[in-house]
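[1] got a structure for you, letters missing:
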Ligand code: FO1
């Protein structure tokens, strides 16, 4: 059994590749919920949905989120009414948010609902929200305090960030499923997701960081930054804005004390020697999962 600390797209691709290498039932995806939001009275969980849709083969590869074969009639109609249509919810995707919101109203937890949605989609990887409690990644910026989706989507993360905080992290309870997964997994993988806004909101919850420290020998991280840039999203810019080197070395520093193995891309091979903490084993491979073969190579490098 393995556990994968997961954000959005990068994690989803790795999970898809891992489930071709080992039994999906033996993979626990521990997923960030700091991006979650309530909009139009609906509870929306972007990272949970991106991972579930990708593992079900239903994800919209072009957009990088939501469902394939999407239509936008509800959003268009909402726009004519003057409603909030900046956060694009496709007609099919809306069914997920309607389903989840109704089940939560009935007293189900995010863990229950995610399990039900995975069952409906035939997803055998165990997709686990890091917590059932409400947590929210908040950005203090030159434009004031921003919620995650305000920062990421409405302002297209084109605003300087002074600090990030995870609202609710100190009181949120890590689920039993997640704690059991982290204790029972032979290996804990930190997916190539944004360290600051996808992975840290998981690490900040309850005893998760302590477990990784205890189990450092079995923890392996993959750098989401290659040749000084993120493949997608603002990871490199955020690292710089928050005082980290925007390279794989900066990512290794961010995970200092939590990992014993670090996977970097061939383009950064020259940086392997300068990965600061000397008790980290650096593996160099192709970490860009452009096609299934690359993803398979990365999955094998991580499982080796
Ligand atoms: N990202 C965008 O850039 N624009 C959107 O309109 C948008 C809508 C959206 C709806 C549902 C969903 O699950 C994700 C959505 N995302 C959108 C992506 C989302 O902001 C990111 O997936 C995560 O929050 C960061 O990984």
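    Received it, and whenever you're ready, just let me know what you need. Computed from a predicted model, the values in this text were never measured in an experiment.
[2] residues from the stretch 51-200 of the chain in reach of the ligand?
    65-66, 87-89, 93, 149, 152-153 (CB under 6 Å from any ligand atom). Just so you know, the C-beta spots here come from the backbone N, C-alpha and C atoms, and that holds for glycine as well.
[3] Closest to residue 17 out of those?
    Proximity of these to residue 17 (CB to CB) peaks at residue 65, which lies at 19.2 Å.
[4] which pair in the residues of the stretch 51-200 of the chain next to the ligand spans the largest distance?
    Spanning the widest gap among these are 93 and 152, at 16.6 Å by CB to CB.
[5] How about the contacts made by whatever residue of the stretch 101-250 of the chain ends up closest to the ligand?
    Closest approach between the stretch 101-250 of the chain and the ligand, counting by CB to the nearest ligand atom: residue 153, at 4.2 Å. For residue 153, the contact set (CB atoms under 8 Å, 6 or more residues apart in numbering) comprises 86-87.
[6] For it, which three-state class applies?
    helix (DSSP: H, G, I helix; E, B strand; the rest coil).
[7] likewise residue 82?
    Going by three-state DSSP: residue 82 is coil.
[8] Pull the number of nearby residues for it.
    Counted with other CB atoms under 10 Å, the neighbours of residue 82 add up to 7.
[9] For it, give its distance to residue 21.
    49 Å (CB to CB, to the nearest Å).
[10] Can you tell me the centre-most residue of this protein?
    residue 7 (0.2 Å; CA atoms, centre = their mean).
[11] Next SSE downstream of the helix or strand where residue 210 lies?
    Residue 210 is part of helix 208-214 when elements are defined by DSSP states H and E. Note on helix 208-214: by DSSP H and E, the next helix or strand toward the C-terminus is strand 219-222.
[12] Residue 166 - that's part of a strand, no?
    Yes: Residue 166: assigned to a strand according to three-state DSSP.
[13] Please shift the residue numbers so they start at 694 in all later answers.
    Right, with 694 as the first residue, what we last looked at is residue 859.
[14] residues near it, how many?
    Using other CB under 10 Å, residue 859 has 21 neighbouring residues.
[15] give me every residue that touches it.
    727, 828-831, 893-894, 897.
[16] okay, those residues in a markdown table with secondary structure next?
    Converted to a markdown table, those look like this (three-state DSSP):
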| residue | secondary structure |
| --- | --- |
| 727 | coil |
| 828 | coil |
| 829 | strand |
| 830 | strand |
| 831 | strand |
| 893 | helix |
| 894 | helix |
| 897 | coil |
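[17] how many other residues sit next to the residue nearest to residue 719 when sequence neighbours are not counted?
    Leaving aside its sequence neighbours, residue 719 sits nearest to residue 694 (CB to CB, 6 or more residues apart in numbering; 4.7 Å). By other CB under 10 Å, the residues close to residue 694 number 15.
[18] Please apply the same query to the one 10 residues further on.
    For residue 704, the tally of surrounding residues (other CB under 10 Å) stands at 30.
[19] Within the helices and strands, which one has it?
    Using DSSP H and E, residue 704 falls in helix 702-711.
[20] So what touches that helix?
    Outside helix 702-711, the residues touching it (CB under 8 Å, 6+ apart) are 695, 697-699, 720, 722, 724, 740, 743-744, 746-748, 752, 757-758, 818, 882, 884-886, 891, 915, 917, 924-925, 982, 985, 988-989, 991-992, 995-996.
[21] Name only those of those residues that count as buried.
    Among the contacts of helix 702-711, those scoring as buried are 695, 697-699, 720, 722, 724, 740, 743-744, 746-748, 752, 758, 818, 882, 884-886, 891, 915, 917, 924, 982, 988-989, 991-992, 995 (criterion: 16 or more other CB atoms under 10 Å).
[22] shouldn't residue 927 be in contact with residue 887?
    Yes: Residue 927 is within contact range of residue 887, at 7.5 Å (criterion: CB atoms under 8 Å).
[23] who's more crowded, the two?
    residue 887 (26 against 20).
[24] Touching, the more buried one and residue 926? I think so.
    Yes: look at residue 887 against residue 926 with CB under 8 Å: they come within range, at 5.9 Å.
[25] Residue 956 is in contact with residue 974, correct?
    No: with contact defined as CB under 8 Å, residue 974 does not reach residue 956; the gap is 9.7 Å.
[26] that older thread, so what touches the helix holding residue 903?
    823, 867, 871-872, 875-876, 881, 895-896, 912, 950-952.
[27] in that helix, what counts as buried?
    Here helix 901-907 shows 901, 904-905 as buried, counting by 16+ other CB under 10 Å.
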